[in-house]
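In: everything below, folded, please.
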Amino acid sequence: MTSYLNPYTGQTISPSQVGYEALTISTNTTLEWPINGNYDNVVANIIEVTATVGAGTFTGYISGTTLTISAVTSGTLSVGQVISGTGVASGTTITALGTGTGGVGNYTVSISQTVGSVGSQITISTTNLKLYMPPATSVSTGQSALIRNIGSQTFTVVDTSGNTIVSIASGIAQYVYVTSNTTINGTWGTVTFGAGTSAANAATLAGYGLKAINTTLNTETQVSTFSSAYTFNAFDRSSLYVWTGGAGTVTFPSASDVGEGWYVVIKNDGTGILNIALTGSNTIDGAVSAQLQIAESFVVVSDGTNYVSYAYGQSAQFFFTQLAKNVTGGTVTLTSAEASSIIQEYTGTLVSNCTVILPPTVQLYSLQNKTTGSYTLTFSTGVVGGTNITLPQNQTIIAICDGTNVFNAQTSTSSFINALTLGNGSAAAPSLSFTGSATTGLYLAATNQLGFAINGLNAGTLASTGLRMPVGINGGAF
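Out: Below is the predicted model:
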């Protein structure tokens with residue numbers, strides 16, 4: 001039968017209509033025309049559908065009729081879903097959940113086969129849930145339904161053989177109607193009614209840097225921390241990246257690749273310099289590279305050709321703080337808070353040589369060695385090949401760190417110096433010593449007596465009465 005006509009008027013007779021139907025589907029579902037007492041899953045004038053699962057991508061393998069999922073990229077598995085993948089037979093469906101709950105676990109499938117293994121797994125995909133329309137031959141042409149997706153998952157409306165009529169995304173309504181009823185599958189027409197609410201539009205329109213909140217689009221800054229070398233990409237638009245490592249490098253993509261207006265915010269909360277590297281001939285503020293010191297930040301924007309920065313938060317202190325640190329030996333690594341003090345005083349009795357590791361960043365320090373004990377106090381960045389400073393006891397110097405080396409800023413001489421006053425020192429830590437030998441030099445042995453130290457031992461004393469030398473090769477009594 002191809003039409004249903006009223007013998008008195010010649011007009012099409014439609015099945016008794018159900019005005020509204022609300023469906024929640026977790027498996028493929030078949031609709032029925034509201035005839036012959038059918039009242040479940042009927043084709044109503046308006047059908048609002050919520051699909052609990054959607055298409056997904058997974059990693060796993062099939063052994064016999066057992067599907068083992070080891071990782072989920074997206075989506076949720078459910079009974080009735082058709083799965084596909086390399087070597088998976090067409091029409092394979094999930095028939096039972098087993099130990100799986102929609103994600104990682106075991107499932108039972110309809111076709112027995114072996115595809116992949118524990119050590120060689122495959123990518124498995126699932127399709128959207130299907131909403132099957134009833135046979136077109138049971139109604140007249142023009143029979144219709146408005147189907148609206150009020151859930152978050154896309155589902156697909158198909159004919160009785162599973163051929164796609166239309167896929168309906170979240171928030172979208174489709175008007176579906178019969179245009180030919182000469183076959184069971186029929187021919188169907190569709191009209192998109194659009195979003196049922198503006199919230200669905202907002203969610204669809206929200207791209208990088210935007211977030212849908214209720215019915216509106218709102219700006220959003222995603223915060224990510226990183227501590228190893230990283231290269232930005234187009235997906236990082238409008239993100240805030242916080243550096244938490246030591247000295248490191250972040251690389252920008254080509255400005256032309258990400259396009260004009262792309263931007264990121266960078267903050268250095270780490271313990272060393274963050275170097276900004278560019279791609280190709282790109283520049284940043286006209287320079288070929290940039291640096292962020294500890295606690296500094298800025299916004300970097302692409303103009304389509306190069307990069308420019310603004311909102312530079314420079315680490316600047318308008319007062320000095322002092323670090324008083326007790327050390328006994330070994331390697332001592334300063335925290336960022338400790339290293340922020342320009343003036344640093346070291347005390348304690350050394351029981352072994354002590355190396356203080358300064359952050360690998362540009363800084364100026366005032367260093368004072370007030371330790372005791374016959375061992376050395378050395379300052380370093382810990383960078384292999386860098387220059388270190390060994391500071392004798394009871395001495396204070398101004399030191400410069402360039403991120404790799406630690407230099408003594410007081411190595412130059414001046415003709416304007418008329419007097420030089422030193423601490424008293426001792427044979428173990430002479431007041432005047434050498435970079436290559438901190439325990440060899442001059443010290444005040446007693447009032448009006450100049451002492452000579454060799455390798456931390458008294459090698460002689462010069463007084464107004466003359467030069468006195470110790471008795472014995474190793475020194476000792478006079």
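In: and the residue nearest to residue 310 when sequence neighbours are not counted, what are its bridge partners?
Out: Distance criterion Cβ to Cβ, 6 or more residues apart in numbering; nearest residue to residue 310, sequence neighbours excluded, is residue 299 at 5.5 Å. C-beta coordinates here come from the backbone N, C-alpha and C atoms, glycine included. On the basis of DSSP bridges, residue 299 takes part in beta bridges with residue 265, residue 310.
In: how near is residue 299 to residue 237?
Out: 12 Å (Cβ to Cβ, to the nearest Å).
In: what about these two, which has more around it?
Out: Taking neighbours as other Cβ atoms under 10 Å, residue 299 and residue 237 compare with residue 237 leading, 19 against 16.
In: report pLDDT for that one.
Out: For residue 237, the model assigns a pLDDT of 93.
In: the nearest residue to it once chain neighbours are set aside in helix, strand or coil?
Out: Distance criterion Cβ to Cβ, 6+ apart; nearest residue to residue 237, sequence neighbours excluded, is residue 208 at 4.0 Å. Secondary structure assignment for residue 208 (DSSP: H, G, I helix; E, B strand; the rest coil): coil.
In: do residue 235 as well
Out: The three-state label given to residue 235 by three-state DSSP is helix.
In: identify the residue spatially nearest to it, adjacent ones excluded.
Out: With sequence-adjacent residues excluded and distances taken as Cβ to Cβ, 6+ apart, residue 235 is closest to residue 208, at 6.3 Å.
In: show me this structure divided up by domain.
Out: Domain assignment for the chain by automatic domain parsing gives 56-127, 223-313, 322-408, 421-478.
In: of all the ones you listed, which lies closest to residue 133?
Out: Across the domains of the chain, residue 133 has its closest neighbour in domain 56-127 (17.0 Å, Cβ to Cβ).
In: now do the closest one: distance from first to last residue.
Out: 7 Å (Cα to Cα, to the nearest Å).
In: avg pLDDT for it?
Out: What domain 56-127 shows for mean pLDDT is 91.
In: same check on stretch 283-291?
Out: Rounded mean pLDDT across stretch 283-291 is 89.
In: with stretch 459-476 instead?
Out: Summarised as a single mean, pLDDT over stretch 459-476 is 76.
In: ok, stretch 378-386 next?
Out: On average, stretch 378-386 scores 92.
In: give me the contact list for it.
Out: The contact list for stretch 378-386 (Cβ atoms under 8 Å, 6 or more residues apart in numbering) reads 247, 333, 353-360, 365, 367, 388-391, 399, 401, 403-406.
In: distance to residue 175 for the domains of the chain - can I get that in JSON lines?
Out: Below are those laid out as JSON lines (distance: least, Cβ to Cβ, whole Å):
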{"stretch": "domain 56-127", "distance to residue 175": "23"}
{"stretch": "domain 223-313", "distance to residue 175": "36"}
{"stretch": "domain 322-408", "distance to residue 175": "63"}
{"stretch": "domain 421-478", "distance to residue 175": "88"}
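In: and of the ones you listed, who's closest to residue 188?
Out: The closest of the domains of the chain to residue 188 is domain 56-127. By Cβ to Cβ, the value is 19.1 Å.
In: which strand in the chain has the most residues?
Out: strand 56-74 (DSSP state E).
In: relative to the whole chain's centre, how far out is that strand?
Out: 27 Å (Cα atoms, centre = their mean, to the nearest Å).
In: other residues contacting it?
Out: Here strand 56-74 has contacts from 55, 75-77, 83, 88, 92, 94, 98, 100, 103-118, 120-126, using Cβ under 8 Å, 6+ apart.
In: immediately after the least confident helix or strand in the chain by mean pLDDT, which helix or strand?
Out: The weakest-scoring helix or strand in the chain, judged by mean pLDDT, DSSP states H and E, is helix 198-205 (a mean of 60). Per DSSP states H and E, the first helix or strand lying C-terminal to helix 198-205 is strand 210-213.
In: what is the helix or strand following that next one packed up against?
Out: Following strand 210-213 in sequence order, the next helix or strand is strand 216-219 (DSSP H and E). Strand 216-219 is packed against helix 198-205, strand 210-213, with contacts defined by 3 or more Cβ pairs under 8 Å, 6 or more residues apart in numbering; DSSP states H and E.
In: which parts of strand 216-219 are buried?
Out: For strand 216-219, burial by neighbour count (16 or more other Cβ atoms under 10 Å) applies to residue 217.
In: ok, that strand: who's next to it in the sheet?
Out: strand 210-213 (antiparallel).
In: ok now the partner strand, how far from the chain's centre?
Out: That offset, for strand 210-213, works out to 20 Å (Cα atoms, centre = their mean).
In: go on, stretch 124-133?
Out: Put simply, stretch 124-133 sits 33 Å off its chain's centre (Cα atoms, centre = their mean).
In: that stretch: end-to-end distance?
Out: Start-to-end, stretch 124-133 (Cα to Cα) is 27 Å.
In: same check on stretch 247-261?
Out: Distance between the boundary residues of stretch 247-261 (Cα to Cα) amounts to 29 Å.
In: go on, stretch 146-165?
Out: Distance between the two ends of stretch 146-165: 13 Å, counting by Cα to Cα.
In: check stretch 157-175 too.
Out: In stretch 157-175, first residue to last residue: 11 Å (Cα to Cα).
In: just the buried residues of that stretch, please?
Out: Neighbour counts over stretch 157-175 (16+ other Cβ under 10 Å) mark 157-160, 165-174 as buried.
In: likewise for stretch 274-290?
Out: Under the neighbour-count rule (16+ other Cβ under 10 Å), stretch 274-290 has 274, 275, 276, 278, 282, 284, 290 buried.
In: farthest-separated two in those residues?
Out: Maximum pairwise distance among those (Cβ to Cβ): 17.6 Å, between 274 and 282.
In: is the residue lying closest to residue 87 once chain neighbours are set aside in a bridge, and if so with what?
Out: Distances taken as Cβ to Cβ, 6+ apart place residue 115 nearest to residue 87, at 4.2 Å, with adjacent residues excluded. Per DSSP bridges, the residues bridged to residue 115 are residue 62.
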